[in-house]
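# Here is a sequence together with a model predicted from it:
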Amino acid sequence: MGIRNPSKRKREFIALLSTTGSLLETEKREEKQERYIRNFVKTQDIEIVGVVRRNGLGQADLNRQFEKITQMIRQKRAEGVIVVNMMAISTDIPDAYYKVGKIIDAGGIIMTVDEGNLGMGVKTLRRLKKDEQKLQKEIQTI
């Protein structure tokens, strides 16, 4: 086992667990997801500070939970959200982009165990302005 750097601060994430299917097996599947996520974060500089469970509820309820997580990130109560994979919380590709954009816009990070850190090429207005300023400085030096 490697030596950890105690001065390196861990990033605080909220785990979002979501499964579909039989209500009888939902709890078991969500427990498996939580174990999978916790094993993944052991190798990262991430600490799970909260767990949100779908509990077999519908997509609209999951979207409300996601909005609450987004608000927590906006309030700096967490730095990001971690899920097993994006399709577990999204209905389709546009919905996945929408959710990634919401988290990035709130100033957070969305990460999946299967796909890694998701940016999906989404840039916030703040990031675009930084890129523009950097480009203008490069032009001035020419």
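Yep, it's here.
# Within the helices and strands, which one has the closest residue to Gln59 other than its chain neighbours?
Among residues not flanking Gln59 along the chain, Thr91 sits closest, at 6.1 Å (C-beta to C-beta, 6 or more residues apart in numbering). Bear in mind the C-beta positions are built from the backbone N, C-alpha and C, glycine included. Under the criterion of DSSP states H and E, Thr91 resides outside all helices and strands.
# Tally up the residues packed near Thr91, please.
Here the number of neighbours of Thr91 (other C-beta atoms under 10 Å) works out to 12.
# what do you get for Ser22?
10.
# What values do phi and psi take at it?
Note on Ser22: backbone dihedrals following degrees, to the nearest 10 are phi -60, psi 130.
# pLDDT score assigned to it?
Looking at Ser22, its pLDDT is 83.
# One more: Ile69?
pLDDT at Ile69 comes out at 95.
# tell me which residues of the helix or strand harbouring it are tucked away?
Ile69 belongs to helix 59-74 when elements are defined using DSSP H and E. For helix 59-74, a neighbour-count test (16 or more other C-beta atoms under 10 Å) marks 62, 65-66, 69-70, 72-73 as buried.
# Give me the helices and strands touching the top helix by length along the chain, please.
Criterion DSSP state H: the longest helix present in the chain is helix 23-41. Helix 23-41 sits against strand 11-17, strand 46-53, strand 80-83, with contacts defined as 3 or more C-beta pairs under 8 Å, 6 or more residues apart in numbering; DSSP states H and E.
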